[in-house]
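Trainee: have a look; sequence and predicted model below, questions after that.
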Amino acid sequence: MAVVFRTCKSLSKNAIFTRGISSSLRLHSQKPPTPPEPLVNVDVDDKSGVAVVTLNRPPVNSLNTPLLSELKNIIKGLEDNKSRGMILTSSSETVFSAGLDLMEMYNAPKDKLSAFWTTLQSTWLALYRSSFPTVAAINGHAPAGGCLLSLSCEYRVMVGPKFSIGLNETQLGIVAPPWFVICMRDVLGHRQTEMALTSGRMFSAPEALKLGLIDAMVTNKAEAITEAQKFIAQFAKIPPLARKLTKESVRQEGIKYMEDNMIDDLQMFMDLVTQEKIQKGIGLYLASLKKK
Ligand SMILES: CCCCCCCC/C=C\C=C\CC(=O)SCCNC(=O)CCNC(=O)[C@H](O)C(C)(C)COP(=O)(O)OP(=O)(O)OC[C@H]1O[C@@H](n2cnc3c(N)ncnc32)[C@H](O)[C@@H]1OP(=O)(O)O
């Protein structure tokens with residue numbers, strides 16, 4: 001797996017920024033400061049043109065505005081570079097993503113809350129409608145927003161059996177927005193989605209496989225990446241434009257929902273999340289996570 005520098009340069013603003021800073025600082029000081037780790041890494045394979053995109057925000061890859069923004073820029077960069085495919089995975093050994101960063105929603109000023117949700121909306125749309133094949137290599141727990149990212153890809157390979165996945169929002173006293181529901185329904189169908197979402201149930205990898213929430217279960221990350229590459233390889237001989245238009249057609253409901261309802265969806269989020277009892281609930285949940 002090789003990092004294509006030209007691609008990375010155009011993909012990660014962070015990469016250009018850190019290179020620029022460190023080379024100029026070297027003139028003035030002995031020890032250049034360590035550049036910050038990117039929140040999302042991207043490695044493009046020279047031969048296949050497939051990108052492995054790795055969420056890298058320890059400890060649990062909770063999705064905050066900067067991470068989502070970086071992910072969106074990477075997806076846009078891959079589009080511009082006519083990527084052959086993208087595999088989304090995590091640098092953590094136990095967590096794919098803990099979902100939305102609850103700190104972004106707790107006692108947050110309205111402008112930050114609004115920026116957070118609109119970044120989530122646009123990042124989701126970029127991933128959901130991406131023209132290239134997408135696979136989630138789910139190498140750890142994937143609750144809520146972590147599950148949403150997985151569902152937005154075309155194929156899911158999960159490391160099992162001990163990790164879990166699901167949309168657990170109702171357990172937290174919050175409501176999965178309609179586009180989360182559409183994503184789940186795309187994959188599970190109406191009845192199983194209703195059962196899963198109303199209970200906020202988290203599924204073990206074997207349960208998820210049985211239900212169809214994931215497509216394959218493997219025992220480690222390397223196997224997950226190999227399976228993901230195999231899925232993407234099957235599109236090598238399919239004309240990309242036909243594939244892209246077909247994907248858009250199949251996913252039209254979700255795409256249209258978001259395009260037509262961005263502002264209303266933001267309003268619903270703001271109205272719900274700023275309620276006192278919801279804030280209290282998020283605070284208690286965060287405290288329970290920290291007490292563990
Ligand atoms: C009708 C239409 C209405 C429309 C309205 C829309 C409203 C929708 C609003 C919100 C939607 C939200 C979706 C979400 O994604 S909410 C997030 C839900 N996530 C979770 O429930 C997962 C919580 N985390 C865990 O279960 C675990 O952390 C786990 C991922 C299993 C990993 O466990 P472990 O490895 O043991 O790690 P720790 O639990 O010890 O966590 C380490 C530290 O990370 C902090 N943490 C964990 N998760 C989050 C998070 N999501 N956000 C922020 N911080 C998180 C945790 O507190 C630990 O912190 P510290 O080290 O300081 O103790």
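Mentor: Here it is on my side, so go on.
Trainee: following the longest helix seen in the chain, which helix or strand comes up?
Mentor: Ranked by residue count under DSSP state H, the longest helix found in the chain is helix 252-273. Proceeding C-terminally, helix 252-273 gives way to helix 276-291 as the next helix or strand, assigned by DSSP states H and E.
Trainee: now that next one: mean pLDDT?
Mentor: Mean pLDDT, taken over the full extent of helix 276-291, equals 95.
Trainee: now do that helix: everything it contacts.
Mentor: With contact meaning Cβ atoms under 8 Å, 6 or more residues apart in numbering, helix 276-291 is reached by Leu102, Met103, Met105, Tyr106, Asn107, Leu172, Gly173, Ile174, Leu272, Val273. Every residue, glycine included, has its C-beta placed from N, CA and C.
Trainee: just the buried members of those residues?
Mentor: By neighbour count, with 16 or more other Cβ atoms under 10 Å, those hold Leu102, Met105, Leu172, Gly173, Ile174, Val273 as buried.
Trainee: dump those to CSV, plus pLDDT and secondary structure.
Mentor: Converted to CSV, these look like this (pLDDT from 0 to 100; DSSP: H, G, I helix; E, B strand; the rest coil):
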residue, pLDDT, secondary structure
Leu102, 98, helix
Met105, 97, helix
Leu172, 92, helix
Gly173, 92, coil
Ile174, 93, coil
Val273, 97, helix
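Trainee: ok, the closest residue to Thr219 other than its chain neighbours - contacts?
Mentor: Distances taken as Cβ to Cβ, 6 or more residues apart in numbering put Val159 closest to Thr219, at 6.7 Å, once the chain neighbours are dropped. Contacts for Val159 were tallied using Cβ under 8 Å, 6+ apart; they are Ile138, Asn139, Gly140, Ala205, Met217, Val218, Thr219, Asn220, Lys221, Glu223, Ala224.
Trainee: sec struct for the last one, please.
Mentor: The reference is to Ala224. Under DSSP: H, G, I helix; E, B strand; the rest coil, Ala224 falls in the helix class.
Trainee: how near is it to Gly189?
Mentor: According to Cβ to Cβ, to the nearest Å, Ala224 and Gly189 sit 25 Å apart.
Trainee: the fifth one too?
Mentor: As for Met217, its distance to Gly189 is 20 Å (criterion: Cβ to Cβ).
Trainee: these two: which is more packed in?
Mentor: Relative neighbour count places Met217 above the other of Met217 and Gly189, with 22 against 12, counting by other Cβ atoms under 10 Å.
Trainee: where do the helices of the chain begin and end?
Mentor: Residue ranges of the helices in the chain, as given by DSSP H, are 5-11, 13-25, 65-80, 102-105, 110-128, 145-152, 178-188, 190-199, 205-211, 221-233, 240-250, 252-273, 276-291.
Trainee: output stretch 89-109 as CSV, nothing but the C-alphas.
Mentor: Output of stretch 89-109 as CSV, limited to C-alpha atoms (Å, rounded to 0.1, in the frame of the first residue of the first chain):
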residue,chain,number,x,y,z
THR,A,89,-11.7,2.0,8.5
SER,A,90,-10.3,3.1,11.9
SER,A,91,-6.8,3.4,13.4
SER,A,92,-8.3,2.1,16.8
GLU,A,93,-8.1,-1.6,17.5
THR,A,94,-11.5,-1.7,19.2
VAL,A,95,-13.6,1.2,18.0
PHE,A,96,-14.6,2.0,14.4
SER,A,97,-16.3,5.2,15.6
ALA,A,98,-18.3,6.0,18.7
GLY,A,99,-20.6,8.1,16.7
LEU,A,100,-21.2,11.8,17.0
ASP,A,101,-19.0,13.6,19.5
LEU,A,102,-21.4,14.2,22.3
MET,A,103,-19.2,17.1,23.5
GLU,A,104,-20.2,18.9,20.3
MET,A,105,-23.8,18.7,21.4
TYR,A,106,-23.5,19.4,25.1
ASN,A,107,-23.8,22.9,26.3
ALA,A,108,-22.7,24.1,22.9
PRO,A,109,-23.3,27.7,21.6
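Trainee: neighbour-wise, which one of the contacts of Val159 leads?
Mentor: Compared across those, Ile138 has the highest neighbour count, 32 neighbours, by other Cβ under 10 Å.
Trainee: spatially nearest residue to that one (excluding sequence neighbours)?
Mentor: With Cβ to Cβ, 6+ apart as the measure, Met158 is the residue that lies nearest to Ile138, at 4.1 Å, once sequence neighbours are left out.
Trainee: likewise Thr119?
Mentor: Leaving aside its sequence neighbours, Thr119 is closest to Leu68 (4.6 Å, by Cβ to Cβ, 6+ apart).
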